[in-house]
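A.B. asks: Task: produce atomic coordinates for the following.
(one chain, ligands or ions: 3)
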Amino acid sequence: MSFDAIIRGGTVVTAADTFACDVGIRDGKITALGNDLGPATTIIDATDRLVLPGGIDSHVHFAQPSGDGIVMADGFASGTRSAAFGGNTTVLPFCLQEKGQTLREALKHYHSLADGECHVDVAFHLIVTDPTEHVLGQELPALVEDGYTSLKVFMTYEGLALSDRELLETMSVARETGAMLMVHAENFDAIRFLTDRLERAGNTAPRFHAASRPIPVEREATHRAISLSELVDVPIMIVHVSNREAMDEIRRAQQRGLRVMGETCPQYLMLTEKDLDQLNMEGAKYVCSPPPRDVASQQACWEGLQQKVFSVFSSDHCPFRYDDPKGKLAPKGRTSFRWVPNGIPGVATRLPILFSEGVVKGRIDLNSFVAFSATNHAKIYGLYPRKGTIAVGSDADIALWDPKRKVTIRHELIHDGSDYTPYEGLEVTGWPVLTMVRGKVVVDDGTLVGSKEHGTYLPRAKPPAGATIP
Ligand code: DUC
Ligand code: ZN
Ligand code: ZN
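C.D. replies: Numbering: from 1, shown residues only. Ligands and ions are numbered 1, 2, ... in the order given. You can find the predicted model right below:
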């Protein structure tokens with residue numbers, strides 16, 4: 001047997017095992033695991049390296065409309081490029097249905113933006129904002145069969161929020177079709193009430209963003225989403241969980257046997273609301289929702305990972321430029337936090353942060369790192385075992401990792417379309433030194449060597465019934 005490439009001399013890590021072994025690759029697939037595999041066109045030396053499944057980031061936003069005059073900093077080319085620099089081989093961005101649009105129209109638009117523009121592989125979640133009879137009765141069931149097997153619903157935001165009745169109707173379709181349902185859980189009316197009150201008192205600086213959506217706003221909506229999903233008997237994923245109270249709602253649901261999963265993100269481990277409290281508009285760099293909380297909440301989110309209340313760790317990469325009137329410094333944003341675009345970049349820093357703060361600091365083990373960063377995403381969103389593991393028959397999607405390399409995070413390492421990183425100056429230990437997508441090297445030691453034609457769209461299976469919590 002001959003190979004296109006052999007990754008030789010490394011330590012392979014999966015969600016289950018860690019072992020010294022070479023990886024043989026042919027036609028974009030892993031075709032052998034073993035030693036003395038024989039000849040190959042290319043030998044990649046992995047001495048002192050970890051050979052990890054490429055990261056899967058199941059929560060990123062590219063090219064999403066974000067309000068009047070606001071432009072997201074990443075389209076598919078720069079977003080997937082940044083993902084590759086961060087050791088990711090698959091990303092799952094959102095396809096946003098705008099009111100009055102059909103899901104098929106929305107998908108056509110996002111496919112046209114992504115086609116030929118992706119450095120890594122891509123699949124779409126559908127954001128349902130207009131759950132008409134046609135959408136729920138006809139489009140969604142057909143699209144799930146076509147491989148669009150996950151949806152996101154919002155409980156807040158003008159133009160996005162669904163009523164409880166609409167949530168229930170959409171959940172019913174998720175149940176009938178077997179699609180995975182992601183929920184953004186914050187109470188819309190509570191946020192509107194608090195925002196109006198803050199503005200009336202003249203509290204309009206970016207730091208008041210956090211005060212406009214405190215923990216009870218998230219806890220209540222998390223509880224309500226879980227209760228509604230219980231009525232319908234459908235699995236759900238509560239995304240971007242920021243604090244103990246919301247995490248405890250998920251834990252309690254799991255203890256009661258409900259199929260409720262949770263996701264947390266780097267910003268909830270690394271940032272606090274103090275980051276929003278800076279001179280002038282600097283705090284706008286950290287405006288995201290839910291907002292970063294406090295040190296106790298960071299600790300709770302670590303516990304959520306350690307105790308496997310959370311099954312995935314995603315970036316929620318939602319990038320806007322800072323020094324830009326189409327971004328964080330939009331003229332309206334200076335008048336109130338209400339208008340500061342919501343979201344922060346993070347697709348390139350997710351894995352180094354979890355590795356350094358999690359594995360190197362002894363909070364989680366290496367196999368859990370792989371589970372949280374790749375394998376569980378693949379399992380939950382219908383890509384496993386093609387993606388998310390190192391096994392014979394899987395795609396050769398690999399992040400070669402130098403576990404000892406010390407790097408100070410600087411924006412120039414990120415290669416996205418934004419002009420800052422919230423983690424500027426953070427020192428991490430461990431860094432992805434090579435990213436391979438389906439057998440092709442995309443980033444080699446800090447140099448982009450892949451092309452934006454290489455990434456492909458991935459139709460997905462339904463998540464396996466009953467096996468909702470990896
Ligand atoms: N929700 C997200 O998932 N991303 C960015 C902003 C938001 O509210
Ligand atoms: Zn959200
Ligand atoms: Zn998001």
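A.B. asks: Show me what from the stretch 151-300 of the chain comes close to ligand 1.
C.D. replies: Proximity of the stretch 151-300 of the chain to ligand 1, by CB under 6 Å from any ligand atom, involves residues His184, Val239, His240, Ser289. Quick note: C-beta positions are derived from backbone N, CA and C, even for glycine.
A.B. asks: Give me the neighbour count for the nearest residue to Thr408 once chain neighbours are set aside.
C.D. replies: Take Thr408 and drop its neighbours on the chain: the residue closest to it by CB to CB, 6 or more residues apart in numbering is Glu427, 5.2 Å away. Summarising burial for Glu427: neighbours were counted as other CB atoms under 10 Å, giving 10.
A.B. asks: dump the residue contacts of the residue lying closest to Ala20 once chain neighbours are set aside.
C.D. replies: For Ala20, ignoring the flanking residues on the chain, the nearest one in space by CB to CB, 6+ apart is Thr11 at 5.6 Å. Listed by CB atoms under 8 Å, 6 or more residues apart in numbering, the contact set of Thr11 reads Thr18, Phe19, Ala20, Ala46, Arg49, Leu50, Val51.
A.B. asks: Find the pair from the residues of the stretch 151-300 of the chain next to ligand 1 with maximum spatial separation.
C.D. replies: Maximum pairwise distance among those (CB to CB): 10.9 Å, between Val239 and Ser289.
A.B. asks: From the rest of the structure, what touches the biggest helix by length in the chain?
C.D. replies: In the chain, with assignment by DSSP state H, the single longest helix is helix 215-232. If you take CB under 8 Å, 6+ apart as the criterion, helix 215-232 is touched by 155-156, 164, 167-168, 171-172, 174-175, 181, 183, 185-187, 190-191, 194, 235-236, 238, 241-243, 245-246, 249-250, 253, 258, 260, 290, 293, 297.
A.B. asks: So for whatever helix or strand comes next after that helix, mean pLDDT?
C.D. replies: Downstream of helix 215-232, the first helix or strand assigned by DSSP states H and E is strand 236-238. Strand 236-238 shows a mean pLDDT of 98.
A.B. asks: how far out from the middle of the chain is strand 236-238?
C.D. replies: 13 Å (CA atoms, centre = their mean, to the nearest Å).
A.B. asks: List the neighbouring strands of it plus their orientation.
C.D. replies: strand 180-184 (parallel), strand 260-264 (parallel) (DSSP bridges).
A.B. asks: just to revisit the earlier point, taking the contacts of helix 215-232 one by one, which sit in helices?
C.D. replies: Checking those against DSSP H, those in helices are 164, 167-168, 171-172, 174-175, 190-191, 194, 245-246, 249-250, 253, 297.
A.B. asks: Go through those and give me the one with the most neighbours.
C.D. replies: Result: Ala246 is most packed of those (other CB under 10 Å), 30 neighbours.
A.B. asks: any idea how far the residue nearest to Asp115 when sequence neighbours are not counted is from ligand 1?
C.D. replies: Excluding its sequence neighbours, the residue lying closest to Asp115 (CB to CB, 6+ apart) is Tyr457, at 7.9 Å. Computed as CB to the nearest ligand atom, to the nearest Å, the Tyr457 to ligand 1 distance reads 21 Å.
A.B. asks: Could you report the pLDDT at Tyr457?
C.D. replies: For Tyr457, the pLDDT comes out at 98.
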